[in-house]
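Participant: I'll drop the sequence and a predicted model, then ask my questions.
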Amino acid sequence: MKKFSKVAVLAAFMSTGVSAGALHAQTAEVLHWWTSGSEQAALAEVRKAFEAKGGAWVDTPIAGGGNARAAAVNRMLGGDPASVFQFSIGQQLRELADQGLLANVDKIASEEHWDEKLPPLIVKAAKYDGEYIAAPINIHGENWMFFNKAGLEKAGVDVPKSWSEFMTAAKKLEDAGIIPIGLGGQPWQERIMFNSVLLGVGGRDFYAKLYSTLDDDLLASDTMGKVFETFAALKPFVDESSPGRNWNEATNMVIKGDAAFQFMGDWAKGEIIAAGVEPGSTVGCAFAPAIDTAYIMTVDAFAFSAMDGEEEATPAQAKMAQVMLEPDVQIAFNKKKGSIPARLDVPADSFDSCAQMAIKTLQDPKTHLVSTGLFGVPSSVSGAIDDSISNFWNSADMSPQEGQEQFRQAIANAK
Amino acid sequence: MAEPAQGGLKPSQGGRRRWRPQWTARMALIPAMTITIVCFYGFIIWTFVISLTRSRLLPVYKFTGFDQYFRLFANERWWTAMQNLAIHGVLFIGGCMLFGYLLAILIDRGIKAEGLFRTVFMLPLSMSFIVTGVIWQWVMNPGLGLQEAVRALGWASFEFNWIVRPDRSIYTLAIAGIWQQVGLCMALFLAGLRNIDPNIWKATRVDGIPVWRVYLHVITPMLRTVFFTVFILMSAIVMKAFDLVVALTGGGPGFSSDLPARFVVDHILNRQELGLGAAGAFVLLCTVIAVISPYIHFELRKERGGRGH
């Protein structure tokens, strides 16, 4: 009797073991920092598609990008990794790959022809040693200029196409009692505005060359001098309470008409939609003034942990990668997230007018640019860039020449 | 091993009874000691080791000598943070002591509704630094808080915009910090004042010494140990000040109100500069030791000397 029960228990254990194994093959734990309403709604689209394909989704949301990244890394080092985790692609992810902590999804990527469908710069950033270590799920743009149409009308100005036009328009707006630029005075927001000026004054080739090489001659060049002069000239057009302000508060200033322009990424559309405004209607969108058309891309991406030290993706991980880049999921996800599909071959007609403009622009590969970090710049350098720009922006007595020199030195020190 | 044996031998004439409780006490201390040694000294050593490597996201043990320290010292933001620590430390500790002592004296002079005032001054202490930071951020925001309110009352040229001025933002930290901690200092000083022998007051009254001189020349020197306690407590708060900056100014405008602790956390967690952050933490520790230890040494020696007489 006793023996029998032992066998029964053993059998029971084995059967659960087997089913747990089968379950394991289809289960993916997803660690991410998308906790706000629109972000959750967007991710729910991926989850729905993944579960429709027979996968089981274990959700691990952690508020705050920094916290979530730290948690993902700590769990990896502790030997209990989340199988799929949100991460910024770039230098840090490469470092994880360097330590053999990541699985590659190269097999599914070549089956699905990611190389042809994703923008080449993003392909490059998502690969390590020629293999995909991350699935880019969307493209956000950073060189947007949102504006309040009624405010512009009141001051009698058109949407500026160049930075000199912008200066004239800003003066008129000021006279009309409208704050010309709604800026959130935090280093990363100041950097976004700086990059728009850099692109607008220097042009897309200069921008790409500067951030991909960090070349000392370019940093000391006259073009860079002009960039700093233009950036400095924007200082008087920002209100006094700007320092420390959050980006969404600045967006709300534009929605309400207190401020005329905001230079921000297209995630601001989420805030505009939440206020009950259709992007492109009373709040308009345009690319920041520039001498040639370009789109500064930044991507959200998911990476895959090496499970049991295996650098080949598990079936669940491969399935997740596949689902994330499926055209239907790309459309549903990105409409809720306010971004555009990472794949450029997805039909654009169901998106809002701002997104359609971005998708159309990206059909020309010459317009492709990426945000500072995606050029493979180490985070130490991009951090130093933020510090230096913010310091220049907030120091009333620093001349553009001094700002340029400080920028050059900060990069040299951090390299 | 030698020590417990000695402890066991010595009191053998007096009685073996004492041998046992001593051991129990020691056994009981082992967990606490292990935690202190491992978590405190162990991690200090580990931090130092990391600061000698070129670790970025993960600890890697490729040693590069004092490279991270050279990078740290070439970093303008680090020096701003260190300078800010000095300014904030002096203002905050000085302010807390001065205002705490003055409030304690006022209450000690027999103010009406003493209990009410004591509670009012102690209340901010029940709030975290984060909450304090957020409140003061609103109060000092020029378009939202005090400045706007006074201007709305009719004084149009009134200016209080320190929080958005890079050359003044560091002082806002001291204002918010003092507001929060002054109650604790007051309570400590008040306890000290209440312990003063009433006969001293009687004696000074007989001698006809003015009250302010009694406080300055008689009472204050007697409260030496209380001043010491307050100083140590407040120094600890200054050194670990992190949440207040994050909530109040976010280190800004630019990095004008940054503090070393925030610099370290930012570089380790957000910038994947483990080595540089560790170097910053170690330099901070050395600075603290260099500044505080002479004072502690001086005070403790004095105390011991005093007891000997």
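Facilitator: In hand now; what should we look at?
Participant: low pLDDT regions in chain B?
Facilitator: Applying pLDDT under 70 to chain B picks out residues B:1-21, B:303-309.
Participant: all strands for it, in order.
Facilitator: Using DSSP state E, no strands are assigned anywhere in chain B.
Participant: around chain A, which positions in it sit nearby?
Facilitator: Proximity of chain B to chain A, by CB under 8 Å from any CB of the partner chain, involves residues B:56-58, B:71, B:74-77, B:137, B:141-144, B:161, B:163-164, B:166, B:169, B:249-250, B:252-256, B:266-267, B:269-273, B:276. (C-beta placed from N, C-alpha, C; glycine too.)
Participant: list only buried entries from these.
Facilitator: B:56-58, B:71, B:75-77, B:137, B:141-142, B:161, B:163-164, B:166, B:169, B:249-250, B:252-256, B:266-267, B:269-273, B:276 (16 or more other CB atoms under 10 Å in any protein chain shown).
Participant: tell me who's in contact with the closest residue to A:Phe375 other than its chain neighbours.
Facilitator: In this structure, A:Phe375 finds its nearest non-sequential neighbour in A:Tyr211, 4.5 Å apart by CB to CB, 6 or more residues apart in numbering or on different chains. Shown in contact with A:Tyr211 (CB atoms under 8 Å, 6 or more residues apart in numbering or on different chains): A:372, A:375, A:377.
Participant: would you mark the buried spots in the biggest helix by length in chain B?
Facilitator: Longest helix of chain B, by residue count under DSSP state H: helix B:274-308. When burial is assessed from 16+ other CB under 10 Å, helix B:274-308 yields the following buried residues: B:274-284, B:288, B:299.
Participant: again, but for stretch A:242-261
Facilitator: The neighbour-count check on stretch A:242-261 (16+ other CB under 10 Å) flags A:242-245, A:247-248, A:250-255, A:257-261 as buried.
Participant: touching chain B at all, it?
Facilitator: Yes. Remark: stretch A:242-261 sits within contact range of chain B at A:242-244, by CB under 8 Å from any CB.
Participant: list of residues touching that stretch?
Facilitator: A:145-148, A:150-152, A:155, A:170, A:173, A:178-186, A:189, A:239, A:262, A:264, A:268, A:271-272, A:275, A:277, A:283, A:394, B:137, B:163-164, B:169, B:249-250, B:252-253.
Participant: picking that back up, let's see which of the buried residues of stretch A:242-261 end up in strands.
Facilitator: Under the assignment DSSP E, the buried residues of stretch A:242-261 contribute A:259-261 to strands.
Participant: now, among these, which is nearest to A:Ile139?
Facilitator: A:Phe261 (22.7 Å; CB to CB).
Participant: and that closest one, how far from A:Ser162?
Facilitator: Distance from A:Phe261 to A:Ser162, counting by CB to CB, to the nearest Å: 14 Å.
Participant: over to A:Ser110?
Facilitator: Distance, A:Ser110 to A:Ser162, by CB to CB: 44 Å.
Participant: and what of A:Glu29?
Facilitator: Counting by CB to CB - A:Glu29 and A:Ser162 are separated by 50 Å.
Participant: report the next helix or strand after the lowest-mean-pLDDT helix or strand in chain A in sequence order.
Facilitator: Least confident helix or strand of chain A, by mean pLDDT, DSSP states H and E, is helix A:2-26 with a mean of 48. Next helix or strand after helix A:2-26 toward the C-terminus (DSSP states H and E): strand A:27-32.
Participant: how about that next one: buried residues?
Facilitator: Quick answer for strand A:27-32 (16+ other CB under 10 Å): A:28-32.
Participant: so for that strand, mean pLDDT?
Facilitator: Strand A:27-32 shows an average pLDDT of 94 in the prediction.
Participant: hang on, A:Phe302 in a strand?
Facilitator: Yes. Assessed by DSSP: H, G, I helix; E, B strand; the rest coil, A:Phe302 belongs to a strand.
Participant: beta-bridge partners for it, please?
Facilitator: Note on A:Phe302: beta-bridge partners by DSSP bridges are A:Gln86, A:Ala135.
Participant: tell me how far stretch B:256-267 lies from the chain's centre.
Facilitator: Stretch B:256-267 sits 16 Å away from the centroid of its parent chain (CA atoms, centre = their mean, to the nearest Å).
Participant: and what of stretch B:249-256?
Facilitator: The chain centroid and the centroid of stretch B:249-256 are separated by 21 Å under CA atoms, centre = their mean.
Participant: what does stretch A:79-98 give?
Facilitator: Going by CA atoms, centre = their mean, where stretch A:79-98 is centred and where its chain is centred differ by 16 Å.
Participant: looking only at pLDDT, what's the mean for it?
Facilitator: According to the model, stretch A:79-98 has a mean pLDDT of 89.
Participant: straight-line length of that stretch, end to end?
Facilitator: Length of stretch A:79-98, first residue to last, CA to CA, to the nearest Å: 17 Å.
Participant: pull out the buried residues from that stretch.
Facilitator: Neighbour-count burial for stretch A:79-98 flags A:81-97 (criterion: 16+ other CB under 10 Å).
Participant: mind listing residues that contact stretch A:397-413?
Facilitator: With CB under 8 Å, 6+ apart as the contact definition, stretch A:397-413 has outside contacts at A:214, A:216, A:219-220, A:224-225, A:228-229, A:231-232, A:381, A:384-385, A:387-389, A:391-392, A:395, B:71, B:74-76.
Participant: helices - which of those residues land there?
Facilitator: A:216, A:219, A:224-225, A:228-229, A:231-232, A:381, A:384-385, A:387-389, A:391-392, B:71, B:76.
Participant: check contacts around the residue in the stretch 101-250 of chain B that chain A sits nearest to.
Facilitator: Here the residue of the stretch 101-250 of chain B nearest chain A is B:Gly143; by CB to the nearest CB that distance is 3.6 Å. Residues in contact with B:Gly143 (CB under 8 Å, 6+ apart) are A:239-241.
Participant: and for A:Gly338?
Facilitator: Per CB under 8 Å, 6+ apart, neighbours of A:Gly338: A:38, A:140, A:266-270, A:273, A:355.
Participant: list phi and psi for it.
Facilitator: Note on A:Gly338: backbone dihedrals following degrees, to the nearest 10 are phi 90, psi 10.
Participant: ok, now how distant is it from chain B?
Facilitator: Computed with CB to the nearest CB, to the nearest Å, the distance linking A:Gly338 and chain B is 24 Å.
Participant: which stretches of the stretch 101-250 of chain A form strands?
Facilitator: A:127-128, A:131-132, A:134-136, A:138-141, A:144-148, A:179-181 (DSSP state E, counting those that start in this stretch).
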